[in-house]
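Colleague: Below is the structure, and that's it, no one-letter string:
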């Protein structure tokens with residue numbers, strides 16, 4: 001047991017110090033689930049309460065793995081895969097799907113102008129001009145020197 005706890009602490013320490021990013025929400029959830037399960041076994045009088053804790057943890061896990069994923073994923077690579085999927089959807093004119101993927105991509109990486117620009121294209125293709133204009137504007141704000149972004153918002157590209 002002490003080896004497990006020690007390894008758990010090493011994983012947290014190396015992740016926080018950016019030496020070796022290994023700990024994540026899944027590791028923490030698994031550790032908490034293990035502790036709760038242990039309590040449910042050794043303290044029978046508290047099984048209902050501990051069972052409620054386990055059910056809550058599982059519910060949060062399902063939420064985090066589905067619609068709340070962009071909010072709980074702290075990976076430095078989060079968003080790039082969604083951006084690629086959005087781009088692939090744009091290429092084959094699956095525009096509503098592209099909107100969905102690019103909205104996720106900008107949640108992960110709100111400072112990537114290309115995602116905002118492509119989101120604008122997707123919105124324009126599904127006839128949501130207001131959302132398209134807003135997305136184009138955000139891309140331009142992030143990279144005002146990009147002539148494509150400037151043209152999309154009707155401005156001349158700024159040069160430094």
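Modeller: Noted; the coordinates are in hand. These figures come from a predicted structure and were not determined experimentally.
Colleague: among the helices and strands of the protein, which has the poorest mean pLDDT?
Modeller: Lowest by mean pLDDT, DSSP states H and E among the helices and strands of the chain is helix 69-72, with a mean of 68.
Colleague: Please parse this structure into its domains.
Modeller: 2-72, 80-152 (automatic domain parsing).
Colleague: Now the terminal residues of the last one, how far apart.
Modeller: Domain 80-152 stretches 23 Å from its first residue to its last (Cα to Cα, to the nearest Å).
Colleague: Likewise for stretch 123-137?
Modeller: First residue to last in stretch 123-137 (Cα to Cα) measures 13 Å.
Colleague: would you list every one of the helices in the chain?
Modeller: Ranges of helices in the chain, per DSSP state H, are 2-16, 25-42, 47-65, 69-72, 80-91, 95-108, 113-125, 129-142, 147-152.
Colleague: weakest of the ones you listed in terms of mean pLDDT?
Modeller: Lowest mean pLDDT of the helices of the chain: helix 69-72, a mean of 68.
Colleague: how many neighbours does residue 89 have?
Modeller: Other residues within reach of residue 89, judged by other Cβ atoms under 10 Å, total 20. Quick note: C-beta positions are derived from backbone N, CA and C, even for glycine.
Colleague: List the contacts of the closest residue to it other than its chain neighbours.
Modeller: Using Cβ to Cβ, 6 or more residues apart in numbering and skipping the chain neighbours, the partner closest in space to residue 89 is residue 98 (3.8 Å). Residues near residue 98 by Cβ atoms under 8 Å, 6 or more residues apart in numbering: 86, 87, 89, 90, 118, 121, 122, 125.
Colleague: before we move on, back to that, and the domains of the chain, which is most packed in?
Modeller: domain 80-152 (a mean of 18; mean count of other Cβ atoms under 10 Å).
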